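Asks: The following block contains a protein sequence and its predicted model.
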Amino acid sequence: MTGPRDQFKPADHPNDHFLLTTVVGSYPKPKWHDRARELFADEDADFGEDEWEESKDDASRLITHEHERAGLDVICDGEMRRNEMVEYFAHRIDGYEFNGRVKVWGHNYFDKPSVADEVEYGEQWLVEEFEFTDEVAERPVKVPITGPYTLANWSFNEVYDNEEQLAYELADLVNEEIEALVEAGARYIQIDEPALATTPDDHAIVGECLERIVDEIPDDVRLGLHVCYGDYSRIYPEILDYPVHEYDLELANGDYDQLDVFKEHEFTKDFAMGVLDAHTAEVESVEEIKENIKKGLEVVPPERLTVSPDCGVKLLPREVAYGKMENMVQAAREIEEELDAGEIDIVASGTQAHADD
Amino acid sequence: MTQVIATTPGLFPLPDWAKDELADLKGHQKTDLISGDESGEVVAAYDEAREEVISVQQDAGLDRVVEGQLRWDDMLAHPLAVHDSVETKGIVRYYDNNNFYREPVVQGALSADGGDVAADLGAAAADHVDSGLQAVLPGPYSLADLATDEHYGDDAAFLDAIADFLVEEVKSFPDVETLFLLEPSLVENAPEDGEDERAADAIDAVASAADAEVVAHTYWGAIEEKAYAHLMDADVDAIGFDLVANHDQTVYNVQEYGTKDDVALGVVDGQNTLVESPETIRDRIDWFEQQTNSTYDTVYATANTETFYLPVNKFEDKLRALANAADLEAAEA
């Protein structure tokens, strides 16, 4: 199952080879958009629901086009409508409540929600975000969605016997949301499960969640899984059995010290490899990124390599985030040219798997 | 007849106003965290917050009152993080939680260093707590486990040095009724052969320095059998157990090896917002007494873990539930 990838290749793609370039999801918010959020939260300010909606639409349109200007093949709106990756969803799921902030470290806090009643599908989560982005975008749109295991692991569970049970209930809701997204035209969904990296022993629970998520999702919908900042040897190759097409993994941050993990056992799915460090404020050069991309070609052949940053880039200065995207796309196009010309011979020999595997 | 004493292992959440005020005063980065030489404004904010959490405990009716350990940005690693011979390095994961602390790297001798913990206790004792003051410290095994040694070069020598350092802290305490030594590492990173005996000796050394009832409190599961047997040799007044995370293995340990005349029972979940009723708390204590076929002189009814994981409203509800559970027992007696 390597998925329907060709639909994302632009009609005017300049090279025979195609390395799909994309992002993980979040992007720095323009300062005026942060100010708008503060004004909307301030009861004394003359700034209501209409103005806040306008700000979100403007930011979404702006960042969608910024991604396109960087030349990315598959884009998103940088999650301009979302505040945080668990809170955003918890606000939309019936059964969740918020009691206040808890410490993560130092004076950094998280409004960790509690599951205080059985979880049920409430208002739509991402359909409106997708429809708007898809409308304003020229390029195909990817939808990142926080996975049920992370939603469960980063919440207080007052109701279910254990976290596993809660994760499965949430997986059914994620399935419902993805069905609605597919109905609205989405063809590329990325499930974010950062919590898996911190509790690798639970990889079977994540697998069962994914089985529930993909239930009755059409074959031509490309599904990815994003995991970051963990010890991959504890989840690989087990995760290859998950019913997804692509794994999006952070590797640049650790300078590819975990790359061998993926070479010891054949990588049988698509490999979306982080080629940019999301937590350094220096823009990597095109040459440096090309070297990183070549490391990906040691794992999978070009038709199964996706090129993306390590993780969401929202903590970077905006101009740095843009510079990284732009260089990443140029590096991918240059590698494609070199592949076309037969100048690169470090290509992995992995055999192409089929969609019905 | 068993006396139930309602208490906590400390390390409270900051009041919400203090979260904001201290973030503004100190900053959000790792270099902004507590160093032991805070500015006057920061000291004043912590003093006010300490006073507030003492009132919360007294109003709830807890039998033991802690100063709250609100300054412990690095959680149980705090006493080392502010030590002159220690350098704080990168942010590392705090046990198996989505929480982080600065890794303390010990680079010189851990001599007595001004009694940082004692000073906060002194502030609480002087102003606000007439009776029932409880001290909280990391146990020596856990504190050694959370730190990195670049000075002593030997696990046994390092543990001894940590124990000696904690002994000096304890000696500078004001009068306290109880001392909780928190030892989650006994569960989370179980000591190996030989190490288990040394851990018990180290706990014994710190406990012996205290002129108070001493509880060696373990959590995030049950302590392994052999380490438990050694811990029983330490001269503490009670061992604390996490009944929320694992009650069966704990009961087995006590059935096999006995326990002290007093016991501390983690009967309230410090990491979940679901608030236990006083009746549930009481049932858990009764269940433990039945299972271990014992009547204890004193049962310390406590949260299993530190409570900074909780939002403030649920934290306060849980303190009241613990206090009410202790009263419930008194009413029936």
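Replies: Received the coordinates, thanks.
Asks: dump the residue contacts of residue 325.
Replies: Since no chain was named, I'll use chain A. A:23, A:67, A:70-72, A:309 (CB atoms under 8 Å, 6 or more residues apart in numbering or on different chains). C-beta: built from backbone N, CA, C; applies to glycine.
Asks: right idea, wrong chain: chain B
Replies: With CB under 8 Å, 6+ apart, B:Ala325 has these contacts: B:4, B:6, B:267, B:278-279, B:281-282, B:285, B:301.
Asks: do that again at 10 Å, thanks
Replies: Counting by CB atoms under 10 Å, 6 or more residues apart in numbering or on different chains, B:Ala325 makes contact with B:4, B:6, B:267-268, B:276-285, B:301.
Asks: Of the residues you listed, just the buried ones, PyMOL syntax please.
Replies: One line in PyMOL is enough to select the buried members of the contacts of B:Ala325, burial here meaning 16 or more other CB atoms under 10 Å in any protein chain shown:
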select buried, chain B and resi 4+6+267+268+276+278+281+282+284+285+301
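Asks: before we move on, the earlier item: so can I have a markdown table of the contacts of A:Met325 showing distance to A:Glu158 and neighbour count?
Replies: Converted to a markdown table, these look like this (distance: CB to CB, whole Å; neighbours: other CB atoms under 10 Å in any protein chain shown):
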| residue | distance to A:Glu158 | neighbour count |
| --- | --- | --- |
| A:Val23 | 35 | 28 |
| A:His67 | 39 | 25 |
| A:Ala70 | 44 | 20 |
| A:Gly71 | 47 | 17 |
| A:Leu72 | 41 | 24 |
| A:Pro309 | 36 | 25 |
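Asks: So which of the contacts of B:Ala325 are in strands?
Replies: Counting by DSSP state E, the contacts of B:Ala325 place B:4, B:6, B:267-268, B:301 in strands.
Asks: Which two among these are spaced furthest apart?
Replies: B:Val4 and B:Val268 (12.9 Å; CB to CB).
Asks: Need the overlap of contacts for those two.
Replies: B:281, B:301, B:322, B:325.
Asks: burial count for the residue of the stretch 151-300 of chain B found nearest chain A?
Replies: Relative to chain A, the nearest point of the stretch 151-300 of chain B is B:Leu274 (3.8 Å; CB to the nearest CB). The local packing of B:Leu274 (other CB atoms under 10 Å in any protein chain shown) involves 16 other residues.
Asks: Three-state assignment for it, please.
Replies: State at B:Leu274, reduced to three classes by DSSP: H, G, I helix; E, B strand; the rest coil: coil.
Asks: Isn't it up against A:Glu97?
Replies: No: with contacts counted by CB atoms under 10 Å, B:Leu274 stays clear of A:Glu97, the gap being 11.5 Å.
Asks: overlap in contacts of those two?
Replies: Joint contacts of B:Leu274 and A:Glu97 (CB under 10 Å, 6+ apart) are A:114-116, A:156, A:158.
Asks: top of those residues by neighbour count?
Replies: Within the shared contacts of B:Leu274 and A:Glu97, A:Val115 tops the neighbour count with 25 neighbours, counted by other CB under 10 Å.
Asks: which ones are touching the closest residue to B:Glu41 other than its chain neighbours?
Replies: Nearest residue to B:Glu41, sequence neighbours excluded (CB to CB, 6 or more residues apart in numbering or on different chains): B:Leu25, at 5.6 Å. Neighbour list for B:Leu25: A:107, B:18, B:32, B:38-39, B:41-42, B:44-46 [criterion: CB under 10 Å, 6+ apart].
Asks: how about the helices in the stretch 101-250 of chain B?
Replies: B:116-127, B:140-146, B:155-171, B:185-188, B:195-208, B:225-231, B:248-257 (DSSP state H, counting those that start in this stretch).
Asks: make that chain A, sorry
Replies: A:31-41, A:49-69, A:87-90, A:127-136, A:148-153, A:163-183, A:195-198, A:203-213, A:259-264, A:286-297, A:318-340 (DSSP state H).
Asks: now these as CSV including mean pLDDT?
Replies: CSV is the format used below for the helices of chain A (pLDDT from 0 to 100):
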stretch, mean pLDDT
helix A:31-41, 96
helix A:49-69, 98
helix A:87-90, 96
helix A:127-136, 98
helix A:148-153, 96
helix A:163-183, 97
helix A:195-198, 86
helix A:203-213, 96
helix A:259-264, 95
helix A:286-297, 97
helix A:318-340, 97
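Asks: and of those helices, who's closest to B:Ala238?
Replies: helix A:163-183 (31.0 Å).
Asks: Next, the buried residues of the closest one.
Replies: Those buried within helix A:163-183 under the rule 16+ other CB under 10 Å are A:163-164, A:166-175, A:177-182.
Asks: if we look at chain B, which of these are close to it?
Replies: By CB under 10 Å from any CB of the partner chain, no member of these lies near chain B.
Asks: Please list which of the shared contacts of B:Leu274 and A:Glu97 are also close to chain B.
Replies: Among the shared contacts of B:Leu274 and A:Glu97, chain B is touched by A:114-116, A:156, A:158 when using CB under 10 Å from any CB.
Asks: which parts of the stretch 51-200 of chain B sit against chain A?
Replies: For the stretch 51-200 of chain B, the residues in contact with chain A (CB under 10 Å from any CB) are B:73-75, B:91-94, B:96-102.
Asks: Quick one, which of these are buried?
Replies: Here, 16+ other CB under 10 Å leaves B:73-75, B:91, B:94, B:98-102 buried among these.
Asks: can I get the ones in strands among the contacts of B:Ala325 in TSV with distance to B:Gly221 and pLDDT?
Replies: Listed next are the ones in strands among the contacts of B:Ala325 as TSV, based on distance: CB to CB, whole Å; pLDDT from 0 to 100:
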residue	distance to B:Gly221	pLDDT
B:Val4	24	96
B:Ala6	23	98
B:Val267	15	98
B:Val268	16	98
B:Ala301	19	98
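Asks: Let me have the residues you listed in CSV, extended by distance to B:Leu231.
Replies: Below are those laid out as CSV (distance: CB to CB, whole Å):
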residue, distance to B:Leu231
B:Val4, 23
B:Ala6, 24
B:Val267, 20
B:Val268, 23
B:Ala301, 21
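Asks: How about stretch A:38-57, which residues are buried there?
Replies: A:39-40, A:47, A:52, A:55-56.
Asks: Can you tell me the closest non-neighbouring residue to the residue in the stretch 51-200 of chain B that chain A sits nearest to?
Replies: Here the residue of the stretch 51-200 of chain B nearest chain A is B:Phe100; by CB to the nearest CB that distance is 3.8 Å. Distances taken as CB to CB, 6+ apart put A:Trp105 closest to B:Phe100, at 3.8 Å, once the chain neighbours are dropped.
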